[in-house]
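K.L.:
Quick check, what structure comes out for this input:
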Amino acid sequence: MKILNLDPDVKVLLPDGSTRQLQDYLIPSALLMVAALMLMVSMFVPYWSMTMTAPQYPKGLKVDVYVTHLAGDVREIDELNHYLGMPLLDEGGRFERSISTVAIVTLGLLLIAGVFVHNQWAALLAVPALAYPLVFLADLAYILYQYGHSIDPESALGGAIKPFMPPVWGEGKVGQFGTIANWEVGLYLAFAAVLVVLLALWFHRAAYKPIVDARKKVGSGK
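P.N.:
You can find the predicted model right below:
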């Protein structure tokens with residue numbers, strides 16, 4: 001960490017007269033800002049994808065799920081699902097996508113706010129970002145379950161396929177189609193941001209707990 005210590009003579013004076021290196025306070029701040037940036041960047045890359053394979057589609061049909069929109073062979077898959085009486089892919093998670101930009105920016109701003117909070121409340125501000133990737137996966141699983149159980153038995157092929165649960169990750173099968181679900185770069189960025197936040201909170205506690213202890217020491221007259 002010496003690279004952050006540009007001037008070893010610059011120190012922070014604690015209330016009890018002891019000192020600490022300035023870098024001790026720069027590290028958690030920098031890490032929190034990096035985590036916020038990672039979450040922002042994740043909005044521009046896919047979080048999840050599913051590829052459907054079948055003999056009549058040698059290249060497969062793939063849909064990429066971003067937090068703001070869907071991409072890929074959405075129209076082709078919707079045309080196939082029409083024969084099962086299933087809703088359009090875009091209908092699943094529509095509300096979540098409509099608020100995703102504001103939600104993720106808010107998570108990032110909460111992390112940045114933690115830079116200016118010098119006590120245990122910084123950890124509280126980080127909780128939403130820590131929970132975010134798990135909330136995304138839980139919501140995705142719910143959407144997939146609802147989607148797989150929306151088959152209309154009165155549709156052209158509705159009676160031929162039983163309700164199913166598409167996989168959140170890994171391989172599955174729907175009728176004659178094989179499915180492969182993958183986590184994509186956006187989700188990995190969100191999980192990486194969690195690790196960075198946890199590291200930042202560790203450095204944050206190491207930096208600011210001595211200040212709290214010093215204040216208590218001065219207040220007690222010891």
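K.L.:
residues touching residue 190, list them.
P.N.:
Going by C-beta atoms under 8 Å, 6 or more residues apart in numbering, residue 190 touches 38, 39, 42, 47, 132, 133, 136. Yep, even glycine has a C-beta here, placed from its N, CA and C like the rest.
K.L.:
How about residue 92?
P.N.:
Neighbouring residues of residue 92 by C-beta under 8 Å, 6+ apart: 143, 144, 146, 147.
K.L.:
give me that answer again for 10 Å
P.N.:
65, 70, 86, 140, 142, 143, 144, 146, 147, 150 (C-beta atoms under 10 Å, 6 or more residues apart in numbering).
K.L.:
residues near the residue nearest to the first one when sequence neighbours are not counted, how many?
P.N.:
The reference is to residue 65. Closest residue in space to residue 65, ignoring its immediate chain neighbours: residue 48 at 4.4 Å, by C-beta to C-beta, 6 or more residues apart in numbering. Residues lying near residue 48 (other C-beta atoms under 10 Å) number 21.
K.L.:
What segments of the chain are helices?
P.N.:
Secondary structure of the chain (DSSP state H): helices located at 23-42, 74-82, 94-113, 121-148, 185-220.
K.L.:
Can you say which of the ones you listed is nearest to residue 59?
P.N.:
Distance to residue 59, taken as C-beta to C-beta, is lowest for helix 74-82 among the helices of the chain, at 11.0 Å.
K.L.:
in that closest one, what counts as buried?
P.N.:
Neighbour-count burial for helix 74-82, counted by 16 or more other C-beta atoms under 10 Å, picks out 74, 77, 78, 80, 81.
K.L.:
Next, the angle helix 74-82 makes with the longest strand belonging to the chain.
P.N.:
Ordering each strand of the chain by length in residues (DSSP state E) puts strand 57-65 first. If you take axes from the mean of the first three to the mean of the last three C-alpha atoms, to 10 degrees, strand 57-65 sits at 100 degrees to helix 74-82.
K.L.:
Could you check how far the nearest residue to residue 31 once chain neighbours are set aside is from residue 134?
P.N.:
Leaving out its chain neighbours, the residue that sits closest to residue 31 by C-beta to C-beta, 6+ apart is residue 200, at 3.5 Å. Here the criterion is C-beta to C-beta, to the nearest Å. By it, residue 200 lies 19 Å from residue 134.
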